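**Q** heads up, no residue letters with this:
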């Protein structure tokens, strides 16, 4: 029997992962759950999640959702046991921690998201870097968008030329497109702790890596952008690095020369081709890959809303020991149209 | 034989109209044309326009596009005669005017866009308001996004309660999402001519209408928003107006109460459900429809990139006398998923 | 003896009013008060408020401010009685209401700001429109920035040509320049109640006025902008309206033709000439003043941070019955360099 | 006789430098020049430059400016010879190059700005780093805002602990506050050349320095922000670096803990205290200064409009051999209120 998955929390991450689970052929979306009749829930049940069973995440909000016109099958805690193998928990930070006890009691596994503290699960997960570590675990945490992008690029470099030390400078978006109560409007807000929390978070995935991250927040909603410099263990050419990035899954190269001159220009190209202009790949600007002796530089763009979607799918396969890393990543990529 | 359509200019408007033509069952997309290997062209030929014949809009750029990896069938002027019935011209303002002579010489009809001067064609078109006027014409101009939204709402009110006078206050987006060389970053830029050009443009479609428009430009990319006040010819209730809007095609009501509290929130709901988050409907906030005696107020949101797409399709049917207004609009709406 | 004034709350409004009180020759700034060692407090005590006595607004925060390096004279409640005639209360909404009881107990008068509910004081004040009504009162509320701008322009028109009915469409800034936790970043947020609260607030000042306001919030920090249409009681020419605006204090005309083409361009001109780029005048774009028979249109810009500063000064003079309206406004204007 | 200075081009830089020249006691502002009746010119002649002689930069625009109400003394080229010792050229890039020939013919020295190519003058200037090199030269170019900030911080570090290698990641503002035709609105635009031009420009000032710069442009107008990592020649503590920065003129430390948590918050504090909220100092966030062995990190904020103002004044003194570096910098700082 195919494993049955529930996605709890249909917001930015949850709606995408639920849609992604539906597209896989070796697992089944048993249902989705939320606590309120939000626009996200409404538009997804009218669109890509049409026909999916809806549960109420907590007992006392069912009526409220029904009054708003939703068909609610029941309360999530009541159905988990026996019907569901694994929950993707995409609820807000704080709630996820409370949910963990419930999942344990009900005997279902759970994948948490990068907003949670790393202590929520024994493994912080990135498919490329540590797929095997999640095997058989009950609880796994998929690391955040920024951390995922750094894990992919730095892991691939580390496996080829070796990474002596990395410094990543993160220019973060202020909020997602629909989070219009968030700023800043006309300001740059630095994270004044150095390293920002992203560096230690990458080290949850790659404990040996010497990495320091600096971060600021700027008035844009579309993407993060990272400026990275790395000391390599061994000499490499620009073409070596490009080759590494080209041959690593979920890293995609773009050329400014072809018109991909900004985060908005790259996102626009996916508006034409993919639901919600999703870009689960890290986008590296080819021209920015520069090597000086044993130093390498590049910039990449991170679509904060979707980059962790394939990692959630792979986490399921690893935790349920369904298949090996390369096979899992390949299936996920094909099913999601990742290039 | 089904009429054969070419779309010339694969930018914001052209790519959407080409895609929309493909979705109709009573016309055929013969091909698309452009002058340069842009990201828009690339992503559409990899996506929704896959398999579509590509032409070079002008003779001397074919090689350049081929070098960039595009398969170019030939130059547009060479194939128009005999193969094509009508061109959707979505080229930049100024170019469209030059193209008109060529189209005439080649004996093909053409639809121009709202960026062109109204003198480019004898009819300025909105499907609801003046479908019949375009019948049989060689050249028609579909009015701009702002004008289209005003034509729909004001025409529907005028047919029911009557409009004595209208004042529309336009809060316009600074640029489209990928136009990142356009501002303003942190400023409001007024159009200091009153009326702005939009009022007279609505009168091209509804010559009897007493309308004045005021316009400003603000730092957002997602949508325009209009604040409108109207003196009605006869008394009406709030429910009358809501009923009018609800029963008019291509007007859609949203409730802030349901979470649709901003332009971004409404666009987000279409990211989940439609390619490129397109919203060819005018979105009226239900709560903003207010009536005081013979005065009515409301606010609506205009998705500048897609609102004119269905109008282009209907213009084709009218010019080629393929069918009547209501049938054409209904077909377009069904084929494009307009609610 | 000159009346002694305290300003309680040294934020956006309070710091400006304190500075303005210092510039008058018929009143004395006894001191300022706040509850925390903020950047606003620091930079003003290093700059325009150097040498001013500092009090702690509430008893238990004095130590905290002293640890941060501020010299605190004492707690505000302890000094009010006998030393202070009037308090400008520029504390956050909610706090102001609690303060009122304290002021009453201590026997000092107080001016509240437009963020407070109108019930906080028997008079909602605008110098031009109802100076005399505040005379002798213990508590007066200076209306908000948007309301102040509308009161000035509409009162002046009403006194000359008469205003039958007004509709004001407000394009509001998302936050002040340093409020970088406020959005929206890339969205337009409508107030879906019509009228927005601004219309009724103007009617607190001009009870007979038929006015409806609509409002949206946009991603800018510099200014609000209003688009206004008015039905006049009697016919007027464009020149009549311009003459009215030109001869009314605290209304200033700008011409786009001279390069003042946006809110940012107008603010820039005051960066060169005034502290904090303050513009207590309403700025009307001359080109936007348009008359069609008995209808008039215009757009004006409102500097949300400073427009209410002169009104606070005039409110003091009225409440303490120091002088008559025109004399008070003239003194304030001269002392503050208002043109 | 005190040297007589003319400022040619009263835009963002020119208006500030003219004002700064007026504040010095060892030089005289002979006049200012421009080609059009701009808002900048108007507000400065009504404000800080009141009474200053105005010239027309080119012969044929005098009448136009006079018609706009300006008193024009004459054409700049006619008065340079014999009356003027040095011109601050703050004209747009391209124009400055043409002007150089004219200045040479007229026998006046000239200071160009960082927007000019470095070839415009034999010396690229930063007061701290290479004051002496400008001595006696006819033409000097003050480096740009970004380069100036890097020259100050890196020069000071290099003189103390030594700098082995520096990587600076520049998050640049899209445009100045009044440049509202510039974007990007909702995008991050990378400079895809690595190094960006800023690195080589720093090397014009400090030829021995190993520095690489990466740069992006974001939707803000207030300031640039740099994230910097440096390999030091010798070990140092965090306190060493802080001490170096504290004891270097024109570097100012701010603590997020005190409420200076963003570029807007820091700028706001200067709105209260200085004309045009100018901040000629580089602002380093104290908390971001971090040392790990021989690596140091920090972030600083660059007020693009004013940071080069004191450097222009010092360039004059060096070129005219009026005094030595430390004396010149000290005079400039005192006269401009630089802390």
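**A** Okay, I see it. The shown structure was predicted, so the numbers you read here are calculated from the model rather than taken from an experiment.
**Q** C-alpha from now on. contacts and neighbour counts both.
**A** Noted.
**Q** give the buried residues for the host helix or strand of residue A:42.
**A** With elements taken from DSSP states H and E, the one containing residue A:42 is helix A:39-46. Within helix A:39-46, the residues that count as buried by 16 or more other CA atoms under 10 Å in any protein chain shown are A:39-45.
**Q** contact residues of the stretch 101-250 of chain A facing chain D?
**A** Where the stretch 101-250 of chain A comes near chain D, counting by CA under 8 Å from any CA of the partner chain, the residues are A:167, A:169, A:171, A:185-190, A:192-194, A:214, A:218-222, A:225, A:227, A:229.
**Q** repeat the analysis, applying 10 Å as the threshold.
**A** Contact residues (CA under 10 Å from any CA of the partner chain) of the stretch 101-250 of chain A with chain D: A:167-173, A:177, A:184-195, A:212-229.
**Q** which among those residues count as buried?
**A** For these, a neighbour count by 16+ other CA under 10 Å gives the buried set as A:167-173, A:177, A:184-192, A:194-195, A:212-229.
**Q** just those residues that are near chain B?
**A** Counting by CA under 10 Å from any CA, A:177, A:185-186, A:219, A:222 from those sit close to chain B.
**Q** out of the buried residues of helix A:39-46, who's nearest residue B:289?
**A** Residue B:289 lies nearest to residue A:39 out of these, by CA to CA, at 20.8 Å.
**Q** wait, that closest one sits on residue A:11?
**A** Yes - under the criterion of CA atoms under 10 Å, residue A:39 makes contact with residue A:11 at 9.3 Å.
**Q** one step back: partners of whichever helix or strand comes after the helix holding residue A:42 in the sheet?
**A** Scanning forward in sequence from helix A:39-46, with DSSP H and E defining helices and strands, the next element found is strand A:54-56. Sheet pairing for strand A:54-56, assigned by DSSP bridges, gives strand A:28-34 (parallel), strand A:74-75 (parallel).
**Q** looking at these, which one is packed in the most?
**A** For the strands paired with strand A:54-56, ranked by mean neighbour count under the definition mean count of other CA atoms under 10 Å in any protein chain shown, the leader is strand A:28-34 at a mean of 23.
**Q** any idea of the mean pLDDT in that one?
**A** What strand A:28-34 shows for mean pLDDT is 98.
**Q** and that strand with helix A:39-46, angle?
**A** For strand A:28-34 and helix A:39-46, the angle between their directions (axes from the mean of the first three to the mean of the last three CA atoms, to 10 degrees) works out to 150 degrees.
**Q** quick one: distance of strand A:28-34 to the chain centre.
**A** Distance of strand A:28-34 from its chain centroid, counting by CA atoms, centre = their mean, to the nearest Å, is 19 Å.
**Q** what's the answer for stretch A:11-23, then?
**A** For stretch A:11-23, the distance between its averaged C-alpha position and the chain's averaged C-alpha position is 11 Å (CA atoms, centre = their mean).
**Q** ok, now stretch A:323-338?
**A** Here stretch A:323-338 shows a centroid-to-chain-centroid distance of 15 Å under the convention CA atoms, centre = their mean.
**Q** okay, how far is it across stretch A:43-57, tip to tip?
**A** From its first residue to its last, stretch A:43-57 covers 18 Å (CA to CA, to the nearest Å).
**Q** for residue A:67, grab the count of nearby residues.
**A** As a burial measure, residue A:67 scores 10 neighbours (other CA atoms under 10 Å in any protein chain shown).
**Q** hang on, it packs against residue B:258?
**A** No - distance between residue A:67 and residue B:258: 11.8 Å, which falls outside the contact criterion (CA under 10 Å).
**Q** shared neighbours, those two?
**A** Taking CA atoms under 10 Å, 6 or more residues apart in numbering or on different chains as the criterion, residue A:67 and residue B:258 both touch residue A:37.
**Q** which pLDDT value goes with residue A:1?
**A** Per-residue confidence for residue A:1 comes out at a pLDDT of 88.
**Q** stretch A:179-193 near chain C anywhere?
**A** Yes - Stretch A:179-193 reaches chain C (CA under 10 Å from any CA) through A:179-189.
**Q** can stretch A:286-298 be found next to chain D?
**A** Yes - judged by CA under 10 Å from any CA, stretch A:286-298 and chain D are in contact via A:286-291, A:297-298.
**Q** tell me the residues of the stretch 1-150 of chain A that contact chain B?
**A** A:15-16, A:19, A:37-49, A:68.
**Q** any buried residues in stretch A:77-86, and which?
**A** Counting neighbours by 16+ other CA under 10 Å, one finds that the buried residues in stretch A:77-86 are A:77, A:80, A:84-86.
**Q** can you tell me which of the residues you listed are in helices?
**A** A:77, A:80 (DSSP state H).
**Q** near chain C, which residues of chain A? Just list them.
**A** Taking CA under 10 Å from any CA as the criterion, chain A approaches chain C at residues A:173-189, A:218-222.
**Q** which residue does the stretch 1-150 of chain A have closest to chain C?
**A** Residue of the stretch 1-150 of chain A nearest chain C, by CA to the nearest CA: residue A:39 (15.8 Å).
**Q** show me what contacts that residue?
**A** Each residue near residue A:39 by CA under 10 Å, 6+ apart is listed here: A:10-11, A:45, B:258-261, B:265-266, B:268-269.
**Q** which residue does the stretch 1-150 of chain A bring closest to chain D?
**A** Closest to chain D within the stretch 1-150 of chain A is residue A:146: 15.8 Å, counting by CA to the nearest CA.
**Q** now do the same contact list for that residue.
**A** By CA under 10 Å, 6+ apart, residue A:146 lies in contact with A:114, A:170, A:172, A:198-199, A:201-202, A:224-226, A:282, A:301-304, A:307-308.
**Q** what of residue A:224?
**A** Residues in contact with residue A:224, defined by CA under 10 Å, 6+ apart, are A:145-146, A:170-174, A:217-218, A:263, A:300-304, D:187-188.
**Q** these in helices, which ones?
**A** Among the contacts of residue A:224, the ones falling in helices (DSSP H) are A:145-146, A:263.
**Q** tabulate the residues you listed (TSV), appending pLDDT.
**A** Supplementary listing: the ones in helices among the contacts of residue A:224 in TSV, determined by pLDDT from 0 to 100:
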residue	pLDDT
A:145	98
A:146	98
A:263	98
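**Q** and of those residues, the nearest to residue C:59?
**A** The nearest member of the ones in helices among the contacts of residue A:224 to residue C:59, counting by CA to CA, is residue A:146 at 45.3 Å.
**Q** re earlier: out of the residues of stretch A:286-298 next to chain D, what pair is the most spread apart?
**A** Of all pairs in the residues of stretch A:286-298 next to chain D, the most separated under CA to CA is A:286 and A:291 at 12.1 Å.
**Q** anything in contact with each of the two?
**A** Shared contacts of residue A:286 and residue A:291, defined by CA under 10 Å, 6+ apart, are found at A:238, A:298.
**Q** and residue A:293, what does it touch?
**A** Counting by CA under 10 Å, 6+ apart, residue A:293 makes contact with A:231-232, A:234-238.
**Q** now with 6 Å, please.
**A** With contact taken as CA atoms under 6 Å, 6 or more residues apart in numbering or on different chains, residue A:293 is in contact with no other residue.
**Q** again, but for residue A:125
**A** Residue A:125 is in contact with A:141-143, counting by CA under 6 Å, 6+ apart.
**Q** quick check: the residue of the stretch 201-339 of chain A nearest chain C.
**A** The minimum distance from the stretch 201-339 of chain A to chain C, using CA to the nearest CA, falls at residue A:219 (5.9 Å).
**Q** would you confirm that that residue contacts residue A:175?
**A** No - using CA atoms under 6 Å, residue A:219 makes no contact with residue A:175, being 8.2 Å away.
**Q** what's the longest strand in chain A?
**A** Of all segments of type strand in chain A, defined using DSSP state E, the longest is strand A:163-173.
**Q** that one pairs with which strands, parallel or anti?
**A** On the basis of DSSP bridges, the sheet neighbours of strand A:163-173 come out as strand A:211-218 (parallel), strand A:224-232 (antiparallel).
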